[in-house]
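Visitor: Output the structure for:
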Amino acid sequence: PPPRGAAPPPAPPPPADPAAPDPSYEPVFARLWQRWTTEGRTVPGEPDPEWAALTRRSPWPR
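Guide: Numbering: from 1, shown residues only. Coordinates of the predicted model:
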């Protein structure tokens, strides 16, 4: 056991982005996710602003 009064060991740092896929698990998809988010594109599991704007519109022309 650590000596009495010793500080606990530091916690590991959190991942940079919890939504990012684990690169060791699916390297191809991890690279695509990184590229698409860098380009500002929509990725699965993330909100899609363009779709949200389209669904707010009325389907009937005025």
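Visitor: And residue 32, its phi and psi?
Guide: phi -60, psi -50 (degrees, to the nearest 10).
Visitor: Isn't residue 36 up against residue 43?
Guide: Yes - Residue 36 is within contact range of residue 43, at 5.0 Å (criterion: CB atoms under 8 Å). (Glycine included, C-beta is placed from N, CA and C.)
Visitor: would you put the C-alpha positions of the helix or strand where residue 29 lies in CSV?
Guide: If you go by DSSP states H and E, residue 29 is part of helix 27-38. Coordinates of each C-alpha in helix 27-38 appear next as CSV, following Å, rounded to 0.1, in the frame of the first residue of the first chain:
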residue,chain,number,x,y,z
PRO,A,27,-9.0,1.7,-38.5
VAL,A,28,-10.7,2.3,-41.8
PHE,A,29,-13.9,3.8,-40.2
ALA,A,30,-11.8,5.7,-37.6
ARG,A,31,-10.0,7.4,-40.5
LEU,A,32,-13.2,8.2,-42.3
TRP,A,33,-14.8,9.6,-39.1
GLN,A,34,-11.8,11.9,-38.6
ARG,A,35,-11.7,13.0,-42.3
TRP,A,36,-15.5,13.7,-42.4
THR,A,37,-15.5,15.6,-39.1
THR,A,38,-12.5,17.7,-40.2
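Visitor: Identify the contacts common to residue 36 and residue 43.
Guide: Counting by CB atoms under 8 Å, 6 or more residues apart in numbering, residue 36 and residue 43 have no contacts in common.
Visitor: dump the residue contacts of residue 43.
Guide: Each residue near residue 43 by CB under 8 Å, 6+ apart is listed here: 32-33, 36-37.
Visitor: Of the residues you listed - the most surrounded one?
Guide: Within these, most neighbours by other CB atoms under 10 Å means residue 33, with 21 neighbours.
Visitor: Quickly note the distance from that residue to residue 26.
Guide: 9 Å (CB to CB, to the nearest Å).
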